[in-house]
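Undergrad: here is my input; please provide its structure:
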Amino acid sequence: MRAVEIQEYGGPEVLRPAEVPVPEPGPGRVSIDVAYAGLNFADLKARAEGYRVPALPFRPGLEVSGRVRAVGAGVTGLAVGQEVAALTGGGAYAEVAVAEAALVFPLPSGTDLRTAAAIPTVVPTAYALVHAVGRLQPGESVLVQSAAGGVGTVIGQLAKAAGAGAVYGVVSTPAKTAYALGHGYDDVFVGDFEKAVRAATGERGVDLALDPVGGESLKASLASLSVFGRLVSFGNASSAEPWGVGQQELYPTGLSVAGFSILGLSRTAPATLRTLAEQAFAKVADGTVTVPVTAEFPLAEAAEAHRLMGTRTSTGKLLLRVGG
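TA: Numbers count the residues shown, from 1 in each chain. Below you'll find the predicted structure:
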């Protein structure tokens, strides 16, 4: 089968076509004839830095849509030929991918395969950040980094639907502002944001800050919190060195810091993730959330898709078109 792999770390050019054997699903697993694969920033970090890469050669890709090809021993509730979306944890840049059955989902009502490929990482992550981890309450304010990205697009919509008093976003360029404002955000800041947040909130700060960037952005997000504010770190796109938060920062105003990783949860608590994902998928089915696909590339042009995402100029969700 056709696939795209890396045999060394580096720029987009290390993504190369390959002919590889068709994988068979083991017990509790499902193989999928891939229609579309979703791109995530974690794919770029895997390619460039070896993020969550167990060994080379490595096939990137965390999510797919397609049709069930085969089911392993012990799998129930899924049938060959059924249209599904799945969180794969790796290996999605291929004509056939394998996923744990617990992380394979029938398509939400009215959702086609193209849209479905944008759902498995983005929507459950956004739902967890707003509800399960962030615990946003009606009337509270929320600050979201990378507001025009895939997860940011969904967070804006979910936060507004949850009754947030104000939804603030941060984007890297002015060109992304209008896009974010069209997906639930009340105000959007470009670049440095700490002073702008304080001004927008009358110096109070926000109740909840959600940060996938890390480094200086994470520090500024912490500094933007109100009394009893909550910060959730859910990525380190900046590849900055980790830093610690302790009593000196948290005690004076009663701040809380939490973390979230959908890949981590898929390994430690897949049943919990499945429940979370089902709740999140329901928000797509009932129309609360849309996941805009803003660019699509054939599988053979995965390197071009990585180049676009790496420029930080893209918005919404990017896909690879794999099968029919």
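
Undergrad: and the residue nearest the centre of this structure?
TA: The residue lying closest to the centre of the chain (CA atoms, centre = their mean) is residue 122, at 3.7 Å.

Undergrad: and it, what does it touch?
TA: 38, 150, 151, 153, 154, 291, 317 (CB atoms under 8 Å, 6 or more residues apart in numbering). Placement of C-beta: from N, CA and C, glycine included.

Undergrad: go ahead and confirm the first one touches residue 118.
TA: Okay, so that is residue 38. Yes. Assessed by CB atoms under 8 Å, residue 38 is found in contact with residue 118 at 5.5 Å.

Undergrad: need the overlap of contacts for those two.
TA: 150, 317, 319.

Undergrad: hey, C-alpha coordinates of stretch 72-92 in PDB?
TA: This file holds the C-alpha atoms of stretch 72-92, laid out as PDB (Å, rounded to 0.1, in the frame of the first residue of the first chain):
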ATOM      1  CA  GLY A  72      -9.400  -8.000  15.300                       C
ATOM      2  CA  ALA A  73     -10.400 -10.600  17.800                       C
ATOM      3  CA  GLY A  74     -12.800  -9.400  20.500                       C
ATOM      4  CA  VAL A  75     -14.000  -6.300  18.700                       C
ATOM      5  CA  THR A  76     -17.800  -5.700  18.800                       C
ATOM      6  CA  GLY A  77     -20.000  -3.000  17.600                       C
ATOM      7  CA  LEU A  78     -18.100  -2.300  14.400                       C
ATOM      8  CA  ALA A  79     -18.600  -3.900  11.000                       C
ATOM      9  CA  VAL A  80     -16.600  -4.200   7.800                       C
ATOM     10  CA  GLY A  81     -17.500  -1.400   5.400                       C
ATOM     11  CA  GLN A  82     -18.800   0.900   8.100                       C
ATOM     12  CA  GLU A  83     -17.900   4.600   7.800                       C
ATOM     13  CA  VAL A  84     -15.900   5.700  10.800                       C
ATOM     14  CA  ALA A  85     -13.500   8.300  12.200                       C
ATOM     15  CA  ALA A  86     -10.600   7.200  14.400                       C
ATOM     16  CA  LEU A  87      -7.800   8.400  16.600                       C
ATOM     17  CA  THR A  88      -4.800   6.300  15.500                       C
ATOM     18  CA  GLY A  89      -2.000   7.700  17.600                       C
ATOM     19  CA  GLY A  90       0.300   7.300  14.600                       C
ATOM     20  CA  GLY A  91       0.400   5.700  11.100                       C
ATOM     21  CA  ALA A  92      -2.400   7.700   9.500                       C
END
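
Undergrad: distance from it to the middle of the chain?
TA: Computed by CA atoms, centre = their mean, to the nearest Å, the separation of stretch 72-92 from the middle of its chain amounts to 20 Å.

Undergrad: closest to residue 260 among the shared contacts of residue 38 and residue 118?
TA: Set against residue 260, the nearest of these by CB to CB is residue 150 (15.3 Å).

Undergrad: does that closest one really touch residue 293, like I thought?
TA: No. Using CB under 8 Å, residue 150 makes no contact with residue 293, being 9.4 Å away.

Undergrad: between the two, which one's more packed in?
TA: Counted by other CB atoms under 10 Å, residue 150 and residue 293 do not tie: residue 150 has more neighbours, with 29 against 17.

Undergrad: for the more buried one, grab phi and psi.
TA: Residue 150 adopts backbone torsions of phi -60, psi -50, taken as degrees, to the nearest 10.

Undergrad: cool, residue 103 as well?
TA: In terms of degrees, to the nearest 10, the main-chain angles of residue 103 are phi -110, psi 20.

Undergrad: now residue 214
TA: phi 80, psi -170.

Undergrad: now do the contacts for it.
TA: By CB under 8 Å, 6+ apart, the contact list for residue 214 reads 233, 235, 236, 237, 238, 239, 240.

Undergrad: residue 62 versus the last one, what's the distance?
TA: Just to be clear, that refers to residue 240. With distances taken as CB to CB, to the nearest Å, residue 240 is found 22 Å from residue 62.

Undergrad: those two: which has the busier surroundings?
TA: Taking other CB under 10 Å, residue 240 and residue 62 do not tie; residue 62 has more neighbours (27 against 14).

Undergrad: ok, the more buried one - contacts?
TA: Residue 62 sits next to 38, 40, 42, 43, 87, 88, 89, 90, 92, 120, 121, 263 when contact means CB under 8 Å, 6+ apart.

Undergrad: can you show me the CA trace of the helix or strand where residue 36 lies as CSV?
TA: In the assignment (DSSP states H and E), residue 36 maps to strand 29-38. The C-alpha coordinates for strand 29-38 follow below in CSV (Å, rounded to 0.1, in the frame of the first residue of the first chain):
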residue,chain,number,x,y,z
ARG,A,29,-8.0,-3.3,17.1
VAL,A,30,-9.5,-2.3,13.8
SER,A,31,-8.0,-1.6,10.4
ILE,A,32,-9.4,1.2,8.3
ASP,A,33,-9.3,1.9,4.6
VAL,A,34,-8.3,5.6,4.9
ALA,A,35,-10.3,8.2,3.0
TYR,A,36,-8.7,11.3,4.7
ALA,A,37,-6.1,11.9,7.3
GLY,A,38,-6.0,15.0,9.5
